[in-house]
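1. This is the structure alone, sequence omitted:
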């Protein structure tokens, strides 16, 4: 039994190393560095940009504000008791003072300034800090249209307003814009990590789309889904949504991949297999859709008509990302892209969303699968630099050989900065082949 356990441990260690995934202890250090960089270098710029000179976040254990979740120290899995954070932007120094009005220091980055023995009332301690700084605008996390920036609960809002002065209460505004900018903006440090994160995601998909996992005629789509879940767990990572594997094939309707049946089908030679998969690592998330073809006996490449169909999907991607321009809204980019693609004879759907500390994040939204005319409010948010998106879309392609339309469904992480758009770590331009024979084996 000891020998078996040792072998399993060594196998797990090799898997971790092969994916360049660091230990939990090492991750804690990286996360602290990410947060310190964001607090010290990013937050002052965002507070200056949005005109909020004091940002207050109030939350309680197990009922956390989504934005506080992006700030939690790596050794905190939840807030403790009632946790209050206050960020004060000093215009003269252009720096942010970070304090916690809480029983404990908020990790290594934010010290607590509340001495309960001297001032038993936490709300009074918060009010005293506000009065000492005399801010012009006090931002709280409430928002009608952006869920992630609507984190303050009614109880905490009411208690806050009850316990501050009338003068301070008159300065309270929604921190919606600041919250969105905090959530959507990526630092250079984060982007270095993001590239590796996408690479890990691609590697897991490639392994899933291989005969190591799939035996045509035996393996079901649901088997592959659970293999991916297990693989992620073995690597010490998490998924932020349950993966999807579905198939399209010649004898089924176009809607087969959408009616749920193909998610529980046996994968067969000649199938076009599609995945939707994402992981969470070092505070960031991926969201990726790729396609694969199951080779038939004596085939060594995908049929030309499927490869051509993928090129049409790539063309929709190019049209779409080519329209990215600073300060354009998501609805503007969506409209221009759909019109251009349709004028080229393509049949696109675009439903791209912000990606980062959340999978379906806050920021510029470019359509939804059932809202191709635009998305109110979220689609009106202007495109900003240093943001990442899940470039998610599909295009219908008529396949004469199958006498039906198929959908080429693609999704890749893309970064938009001052130098324009780029994919975080490439995109799929060739169909993955399941069952490709080694060149050294004689056919």
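-> Done, it's in. All values reported here derive from a predicted model rather than from experimental measurement.
2. residue contacts, residue 313?
-> Neighbour list for residue 313: 393, 394, 395, 397, 408, 409, 410 [criterion: CB atoms under 8 Å, 6 or more residues apart in numbering]. Placement of C-beta: from N, CA and C, glycine included.
3. whoops, residue 368 was the one
-> If you count contacts by CB under 8 Å, 6+ apart, residue 368 has them with 351, 375.
4. List the beta-bridge partners for it.
-> Partner residues in beta bridges with residue 368: residue 371, with DSSP bridges as the criterion.
5. State the pLDDT value of it.
-> Among the per-residue scores, residue 368 holds a pLDDT of 90.
6. in the stretch 251-400 of the chain, which ranges drop under the pLDDT threshold?
-> Low-confidence regions of the stretch 251-400 of the chain, defined by pLDDT under 70, span residues 253-260.
7. Where do the helices of it begin and end?
-> In the stretch 251-400 of the chain, the helices defined using DSSP state H, counting those that start in this stretch lie at 304-322, 330-343.
8. Including distance to residue 434, could these go into JSON lines?
-> Converted to JSON lines, the helices of the stretch 251-400 of the chain look like this (distance: least, CB to CB, whole Å):
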{"stretch": "helix 304-322", "distance to residue 434": "13"}
{"stretch": "helix 330-343", "distance to residue 434": "29"}
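9. domain parsing for the chain?
-> Each domain of the chain is listed here as a residue range: 24-183, 186-434, per automatic domain parsing.
10. Average pLDDT for the shortest one, rounded please.
-> This points to domain 24-183. Here the mean pLDDT over domain 24-183 is 94, rounded to a whole number.
11. who wins for most neighbours among the contacts of residue 313?
-> For the contacts of residue 313, the largest number of neighbours (other CB atoms under 10 Å) sits with residue 393, at 27 neighbours.
12. pretty sure that one contacts residue 316?
-> Yes: at 5.7 Å, residue 393 and residue 316 qualify as touching, with contact defined as CB atoms under 8 Å.
13. Tell me which two of the contacts of residue 313 sit farthest apart.
-> 393 and 397 (13.0 Å; CB to CB).
14. Now the strand or helix carrying residue 197: average pLDDT?
-> Counting by DSSP states H and E, the element that carries residue 197 is helix 188-208. When the per-residue pLDDT values of helix 188-208 are averaged, the result is 96.
15. start the count at 102, not 1, going forward
-> Noted, 102 is the first residue going forward, which turns the last one into helix 289-309.
16. Does anything pack onto that helix? Which helices or strands?
-> Using 3 or more CB pairs under 8 Å, 6 or more residues apart in numbering; DSSP states H and E as the contact test, the elements touching helix 289-309 are helix 125-138, helix 322-335, strand 373-378, strand 385-386, strand 389-395, strand 505-518.
17. Mind listing residues that contact that helix?
-> When contacts are taken as CB under 8 Å, 6+ apart, the neighbours of helix 289-309 outside the stretch itself are 120-122, 131, 134-135, 138, 287, 314-315, 325, 328-329, 332-333, 336, 338, 346, 376, 378-380, 382-385, 387, 389, 391, 457, 489, 513-514, 516, 525-527, 533.
18. are any of those buried, and which?
-> 120, 122, 135, 287, 314-315, 325, 328-329, 332-333, 336, 338, 346, 376, 378-380, 382-385, 387, 389, 391, 457, 489, 513-514, 516, 525-526, 533 (16 or more other CB atoms under 10 Å).
19. before we move on, the earlier item: do you know which of the helices of the stretch 352-501 of the chain lies nearest residue 169?
-> Residue 169 lies closest, by CB to CB, to one member of the helices of the stretch 352-501 of the chain: helix 431-444, at 26.3 Å.
20. The stretch 102-251 of the chain: helices as residue ranges?
-> Counting by DSSP H, counting those that start in this stretch, the segments of the stretch 102-251 of the chain that form helices are 103-119, 125-138, 144-151, 167-170, 223-234.
21. Mind giving me the packing neighbours of the fourth one?
-> Yep, that's helix 167-170 we're talking about. strand 155-161, helix 277-285.
22. what does it contact?
-> When contacts are taken as CB under 8 Å, 6+ apart, the neighbours of helix 167-170 outside the stretch itself are 158, 160, 180, 184, 186, 242, 248-250, 252, 280, 283-284, 459.
23. In JSON lines: those residues, plus neighbour count and distance to residue 215.
-> Below are the contacts of helix 167-170 laid out as JSON lines (neighbours: other CB atoms under 10 Å; distance: CB to CB, whole Å):
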{"residue": "158", "neighbour count": "24", "distance to residue 215": "15"}
{"residue": "160", "neighbour count": "27", "distance to residue 215": "15"}
{"residue": "180", "neighbour count": "24", "distance to residue 215": "14"}
{"residue": "184", "neighbour count": "26", "distance to residue 215": "11"}
{"residue": "186", "neighbour count": "22", "distance to residue 215": "11"}
{"residue": "242", "neighbour count": "27", "distance to residue 215": "20"}
{"residue": "248", "neighbour count": "13", "distance to residue 215": "29"}
{"residue": "249", "neighbour count": "25", "distance to residue 215": "27"}
{"residue": "250", "neighbour count": "27", "distance to residue 215": "25"}
{"residue": "252", "neighbour count": "23", "distance to residue 215": "21"}
{"residue": "280", "neighbour count": "30", "distance to residue 215": "24"}
{"residue": "283", "neighbour count": "24", "distance to residue 215": "24"}
{"residue": "284", "neighbour count": "21", "distance to residue 215": "27"}
{"residue": "459", "neighbour count": "21", "distance to residue 215": "29"}
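24. from the residues you listed, which single one is nearest residue 479?
-> Of the contacts of helix 167-170, the one sitting nearest to residue 479 (CB to CB) turns out to be residue 248, at 9.8 Å.
25. buried residues in stretch 318-334?
-> By 16+ other CB under 10 Å, the buried positions in stretch 318-334 come out as 320, 321, 322, 324, 325, 326, 328, 329, 332, 333.
26. which residues sit in contact with the third one?
-> Residues in contact with residue 322 (CB under 8 Å, 6+ apart) are 346, 347, 348, 363, 364, 365, 366, 368, 374.
27. swap in the fifth one?
-> Contacts for residue 325 were tallied using CB under 8 Å, 6+ apart; they are 309, 314, 315, 346, 368, 376.
28. Tell me the one of those residues nearest residue 148?
-> The nearest one, if we look at the contacts of residue 325 relative to residue 148 and count by CB to CB, is residue 376, at 40.2 Å.
29. give me the element the closest residue to that closest one other than its chain neighbours is part of.
-> Residue nearest to residue 376 in three dimensions, not counting chain neighbours: residue 346, with 5.3 Å by CB to CB, 6 or more residues apart in numbering. Using DSSP H and E, the secondary-structure element containing residue 346 is strand 345-349.
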